[in-house]
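Q: predicted model follows, preceded by the sequence.
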Amino acid sequence: MIYETLLAENFNRLHPKLQERYRLPLGQPFHAQGTMQVIHSGPCFLRPMYHLFTKTNFLFPEYGEEIPFTITNTARMNNEKEAEVYWERTFHFPQATRKFNATMTVDLERQIVKDYLGDPALFYSDLQMDVTKDGFLMIRSSEQRVVIGRKEVGLPKKLTGRVVVTEGYDDTKDMYTIHVSIYNDLIGRMMMYAGQFTPCAQ
């Protein structure tokens, strides 16, 4: 719903399966399950911080291959009577189950998605959405802030995590595909995962 509004005419350029996935009417969650063929975490010195982040369903220190995961997207109305989409991503590692959650709304004036990461939110990011020539959804981050209670503190560009998300559809396998990369110019890779998934009943 919010994504169709933001993308406007470009929404029709998405692969038909992606249009189906991102319409997200109120009260009709999208549930899916699949496998992350690979998940990379950040460098070793960040792992203590990532362990703390797991308490708010944000980043995590685990990594591996062929990791089962589920995703649920729920469109709902928030306390400000805005339409928002709640993202629940759950990764089932052999020794731990981790979540990476977010809440998104749209700023039509600025033509961006407002993305709050974690429960409660620890970070905020502006997201810019576009459609590739192949009909895939491309998402890139721009301005980012740290959330401290009710305050938000802007991050210098060198400290931001550059996020690039590509979601597509593989017609041969009849599956959605996802590739997410979070990269910092000083630290390097902070997280990367790539996999595929199919809708399922909840």
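A: Thanks, I have it.
Q: Asp134 falls within a helix, correct?
A: No: read with DSSP: H, G, I helix; E, B strand; the rest coil, Asp134 is coil and lies in no helix.
Q: and Pro48, how many neighbours?
A: 10 (other Cβ atoms under 10 Å). For glycine as for every other residue, the C-beta is placed from the backbone atoms N, C-alpha and C.
Q: again, but for Glu9
A: Neighbours of Glu9 using other Cβ under 10 Å come to 7.
Q: phi, psi for it please.
A: When read as degrees, to the nearest 10, the backbone of Glu9 gives phi -60, psi -30.
Q: what distance do you get for it to Arg110?
A: In this view, Glu9 and Arg110 are 18 Å apart by Cβ to Cβ, to the nearest Å.
Q: over to Glu167?
A: 22 Å.
Q: comparing these two, which residue is more hemmed in?
A: Higher neighbour count among Glu167 and Arg110: Glu167, with 19 against 12, using other Cβ under 10 Å.
Q: contacts only, for that one.
A: Glu167 is in contact with 18, 136-137, 139, 176-179, counting by Cβ atoms under 8 Å, 6 or more residues apart in numbering.
Q: do the same with Pro120
A: Per Cβ under 8 Å, 6+ apart, neighbours of Pro120: 56, 147.
Q: so it: helix, strand or coil?
A: With three-state DSSP as the criterion, Pro120 reads coil.
Q: per-residue pLDDT, it?
A: Per-residue confidence at Pro120 stands at 94 (pLDDT).
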